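Trainee: The following comprises the amino acid sequence and a computationally predicted model.
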Amino acid sequence: MKTNLPPNLLRRQLLTVSLSALATRGAWAQDQSARNREIFLYKGADREARLLEGAKKEGQLSIYTSLNTKDSGPITETFEKKYGVKTLLWRSSSEKVLQRAVTEARAGRHLFDVLETNGPEVEALYREKLLSEFFSPQFKDLPPAAFPKHRHYVADRFNFFTIGYNTHLVKPEEVPNSYQDLLHPRFVGKLGLEAGDVDWFAAMVKSMGEDKGLAFFRKLAESKPQMRTGHTLLGELVSAGEVPIAVIYNHNIERLVVKGAPVKWKALTPTFGRPNAISVSARAPNPYAAMLFTDFMLSLQGQTLLKNRNRVPSSLAVDTELNKFAFEMIDPVITLDESDKWEKLWSELFLNGQKIKKEAD
């Protein structure tokens, strides 16, 4: 392109055009977020009909999740059959779900509509200002622990840390009634721990008081627990008798119970849980479908599907033995702001200083 403008003036004009384009793009993004927010917070009596009409016009939605496909697949298939809206499911570990969403957004590509994964990763997305506050009529059935103060996501399922044990190897009178009981000499070399459970470790230490908590875990480390990566693997080892007892998610043990395995689980005090949360993108390309799916996941039908997969649904409307005990949620601050401290301590105690590997859901 030829021009008779002086170079300095040309540069100023190009800069003005560039800034103007950025301002226009920013204003459009704000408008889109505002439009989406109106959809996400709508409470009218015609809410479901309005969402369904809009979702059918959109035709599809994109879901990023860490929920494994054998569990997430039946849920999305049921949703598609019910509403006639196609789901595009991308599944990976919670860390990779977070990385992909942030990388795309920073490149100006807002591709996901719904994101469902571990609480700390969803909290990180909230801090990146990628999520929107939303309302669901299903909120009435959720416990207070399901909601962060800012309400930009909500727990749709929980992972509870309990003990699981092989009933052939641990006699009824030997089953621990407290965490201190795990220090009994009978469990030396026989207790299994998941190698990436740093947030549980930190929550336990804080609950006990840091000095007493670290003293407890030093004694636990001296009993030479077996370290494994993956709660599913740990459950299978308990079932096979290779690991007589373990700190494990109760739903991992329950899945084996229904298959007839000689295993049981027990909640000890305090029982900590990891929330797995569902959220909607502030700039979702398919906002109606995003909200329709979120309502479905939190509904009695969606939560029952989670229960049928031996997951722990967050809804109190679903009757399950997997949440009938007092529990606390692990503070996401542990993972997001204090991870260096707790990972270093955990690795030194249990992993000989090795790098921590985190499991996929």
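Mentor: Noted; the coordinates are in hand.

Trainee: Report pLDDT for K86.
Mentor: Listed pLDDT for K86 reads 98.

Trainee: Which neighbouring elements make contact with the helix or strand hosting G164?
Mentor: Element membership for G164, per DSSP states H and E: strand 154-166. Here strand 154-166 touches helix 231-240, strand 245-249, helix 250-257, strand 263-266, strand 272-281, helix 287-298, helix 300-308, strand 312-313, going by 3 or more Cβ pairs under 8 Å, 6 or more residues apart in numbering; DSSP states H and E. Heads up, the C-betas are built off the backbone N, CA and C, glycines and all.

Trainee: Compare these and give me the one nearest T65.
Mentor: strand 272-281 (8.8 Å; Cβ to Cβ).

Trainee: okay, now the domains of the chain?
Mentor: For the chain, automatic domain parsing gives the domain ranges 14-158+274-323, 160-271+328-350.

Trainee: wait, which of those domains is closest to K357?
Mentor: domain 160-271+328-350 (5.2 Å).

Trainee: Now find how far off-centre the closest one is within its chain.
Mentor: Its chain's C-alpha centre and that of domain 160-271+328-350 lie 19 Å apart, by Cα atoms, centre = their mean, to the nearest Å.

Trainee: Now do that domain, average pLDDT.
Mentor: According to the model, domain 160-271+328-350 has a mean pLDDT of 97.

Trainee: Quick one: end-to-end distance for it.
Mentor: 21 Å (Cα to Cα, to the nearest Å).

Trainee: again, but for stretch 178-196
Mentor: End-to-end for stretch 178-196, by Cα to Cα: 22 Å.

Trainee: sorry, back to before: now the angle between helix 300-308 and the strand holding G164, please.
Mentor: 20 degrees (axes from the mean of the first three to the mean of the last three Cα atoms, to 10 degrees).

Trainee: Now do strand 154-166 and helix 250-257, the angle between them.
Mentor: 50 degrees.

Trainee: Note down every partner strand of strand 154-166 and its orientation.
Mentor: Sheet pairing for strand 154-166, assigned by DSSP bridges, gives strand 245-249 (antiparallel), strand 263-266 (antiparallel), strand 272-281 (antiparallel), strand 312-313 (antiparallel).

Trainee: List the contacts of the following helix or strand past the last one.
Mentor: Yep, that's strand 312-313 we're talking about. Using DSSP H and E, the next helix or strand after strand 312-313 towards the C-terminus is strand 328-329. Strand 328-329 is contacted by residues G119, A145, A155, A203, S207, P270, T271, F272, G273, R274, P275 when judged by Cβ atoms under 8 Å, 6 or more residues apart in numbering.

Trainee: rerun at 6 Å
Mentor: A145, P270, F272, G273, P275 (Cβ atoms under 6 Å, 6 or more residues apart in numbering).

Trainee: now that we're looking at the second one, how far away is G235 from it?
Mentor: Counting by Cβ to Cβ, to the nearest Å, the gap from P270 to G235 is 22 Å.

Trainee: Among those two, which residue is more densely surrounded?
Mentor: G235 (27 against 14; other Cβ atoms under 10 Å).

Trainee: That one touches N250, doesn't it?
Mentor: No. Using Cβ atoms under 6 Å, G235 is not in contact with N250; the gap is 9.9 Å.

Trainee: Who are the contact partners of A317?
Mentor: Counted by Cβ under 6 Å, 6+ apart, A317 has contacts D141, L300.

Trainee: Tell me, how many residues neighbour L316?
Mentor: If we define neighbours as other Cβ under 10 Å, then L316 has 14 of them.

Trainee: In space, what's closest to it - neighbours in sequence excluded?
Mentor: Distances taken as Cβ to Cβ, 6 or more residues apart in numbering place D141 nearest to L316, at 5.4 Å, with adjacent residues excluded.

Trainee: pretty sure that neighbour contacts S315?
Mentor: Yes. Between D141 and S315 there is a contact at 4.6 Å, judged by Cβ under 6 Å.

Trainee: quick one: which of these two has more around it?
Mentor: S315 (26 against 18).

Trainee: List the residues that contact the more buried one.
Mentor: Counted by Cβ under 6 Å, 6+ apart, S315 has contacts D141, Q303.

Trainee: And P287, by the same measure?
Mentor: Here P287 is in contact with N36, I39 (criterion: Cβ under 6 Å, 6+ apart).

Trainee: let's see it at 10 Å
Mentor: 32-33, 35-40, 51, 54-55, 58, 61, 113, 132, 134, 280-281 (Cβ atoms under 10 Å, 6 or more residues apart in numbering).

Trainee: Once you drop chain neighbours, what's closest to the residue nearest the centre of the chain?
Mentor: Taking Cα atoms, centre = their mean as the criterion, N118 is the residue nearest the geometric centre of the chain, at 1.6 Å. Once flanking residues are discounted, N118 sits nearest to S94: 4.1 Å by Cβ to Cβ, 6+ apart.

Trainee: which among the contacts of P287 end up buried?
Mentor: 32-33, 36-37, 39-40, 51, 54-55, 58, 61, 113, 132, 134, 280-281 (16 or more other Cβ atoms under 10 Å).

Trainee: List just the nearest of those to G84.
Mentor: A55 (8.6 Å).

Trainee: before we move on, what SS does that closest one have?
Mentor: helix (DSSP: H, G, I helix; E, B strand; the rest coil).
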